[in-house]
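Q: Let's see this in three dimensions:
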Amino acid sequence: MSIETFLNGQGQQQCQVPALQWKLWIYTNYDCNLRCSYCVAKSSPNAPRRAIGFENVKRLVDEALALSFDHVFFTGGEPFILNDIYDMLSYSSARVKTTVLTNAMILRGPRLEKLKAIANDNLIIQVSLDGGRAEDHDAYRGKGAWAKAVEGIQLLQEAGFRVRIGTTETPVNCAHMHELHTFRESLGIPNEDHFIRPLAKRGYSKEGIVLGMDNLVPELTVNIDGVFWHPLSTDGDMQVAKKLFPLKHSVDKVQGIMDEMALTGSVPQFTFT
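A: Now for the predicted structure:
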């Protein structure tokens, strides 16, 4: 997730608020095979699915393209728990650059074969990997998670997919990032395909930096419950609309909020529609 702030080095509000990032994030579901202790989405094996569904995804992709969005991201939960994730990814990647976020631990056998069947140059797989050593990754994700994630990365590479790495920098791994970079290079993944985000104090996480609408550049994000400011969180304080459609309504609303923030230096009060 691209995390940027509106603040300058002195912690003062800038006069100009950066433009909306033309990425659409779709939360496909919230259930997951892992229970990560820092999960901002509060995903777990016991979390309600809250699936967005294929029909909604098709309309979202179509409307995003009409609005000149240039990249669609699918996240969760673990998207590959869903049977219809392949239809979603196929539809999106046939039309626009598409990235799906995964822990890669269940991409084996029939799931991997279904993914290989829809492979194309627009489809990118982003795998969560928090260290070049098991202890750095497993500290927040559970024992044995690192080995399965690495195996998943290698299987995806063998299948010809472009693999990106997504890392959360934590108190456990921050002193060992050089080892992660060395390991990532050994996998043949270039630096430009490695995204690192700070630990955020959201969801299950009790530590990290506090992030919200006032210090995040908006990247339009949707789930079954509505539209949100940024994929970091689909908590209520980040929600901008309760209706998914038309997507243009939410784009205009976010732009209006940014315009007012540029004038006042704070998030305005607004009503849900």
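Q: gap between Ala47 and Met177?
A: 30 Å (C-beta to C-beta, to the nearest Å). Every residue, glycine included, has its C-beta placed from N, CA and C.
Q: Actually, Ala147.
A: 20 Å.
Q: swap in Pro198?
A: 12 Å.
Q: for Pro110, same thing?
A: Relative to Met177, and taking C-beta to C-beta, Pro110 is found at 36 Å.
Q: just to revisit the earlier point, which of Ala147 and Met177 has more neighbours?
A: Met177 (16 against 13; other C-beta atoms under 10 Å).
Q: Now for the closest residue to that one other than its chain neighbours: which residues touch it?
A: In space, and not counting its chain neighbours, Met177 is closest to Glu169: 7.0 Å by C-beta to C-beta, 6 or more residues apart in numbering. Counting by C-beta atoms under 8 Å, 6 or more residues apart in numbering, Glu169 touches Met177, Ile196, Arg197, Pro198, Leu199.
Q: for Ile209, same thing?
A: Pro198, Leu199, Ala200, Lys201 are the contacts of Ile209 under C-beta under 8 Å, 6+ apart.
Q: hey, where'd the helices end up in the stretch 1-150 of the chain?
A: Assigned by DSSP state H, counting those that start in this stretch, the stretch 1-150 of the chain shows helices spanning 54-66, 85-93, 109-117, 134-141, 145-158.
Q: Redo those helices as CSV? Include distance to Lys243 and mean pLDDT.
A: Shown next, in CSV, are these (distance: least, C-beta to C-beta, whole Å; pLDDT from 0 to 100):
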stretch, distance to Lys243, mean pLDDT
helix 54-66, 12, 98
helix 85-93, 20, 98
helix 109-117, 32, 98
helix 134-141, 35, 97
helix 145-158, 36, 98
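Q: Tell me which of those is the most buried.
A: helix 85-93 (a mean of 22; mean count of other C-beta atoms under 10 Å).
Q: Tell me the gap between that one and the middle of its chain.
A: Chain-centre distance of helix 85-93: 16 Å, with C-alpha atoms, centre = their mean, to the nearest Å.
Q: how about that helix as PDB, C-alpha atoms only?
A: The C-alpha trace of helix 85-93 is given here as PDB (Å, rounded to 0.1, in the frame of the first residue of the first chain):
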ATOM      1  CA  ILE A  85     -11.300 -14.800  -7.300                       C
ATOM      2  CA  TYR A  86     -10.100 -16.200 -10.600                       C
ATOM      3  CA  ASP A  87     -13.100 -14.800 -12.500                       C
ATOM      4  CA  MET A  88     -12.400 -11.400 -10.800                       C
ATOM      5  CA  LEU A  89      -8.700 -11.400 -11.700                       C
ATOM      6  CA  SER A  90      -9.400 -12.600 -15.200                       C
ATOM      7  CA  TYR A  91     -12.000  -9.900 -15.900                       C
ATOM      8  CA  SER A  92      -9.800  -7.100 -14.400                       C
ATOM      9  CA  SER A  93      -6.500  -8.100 -15.900                       C
END
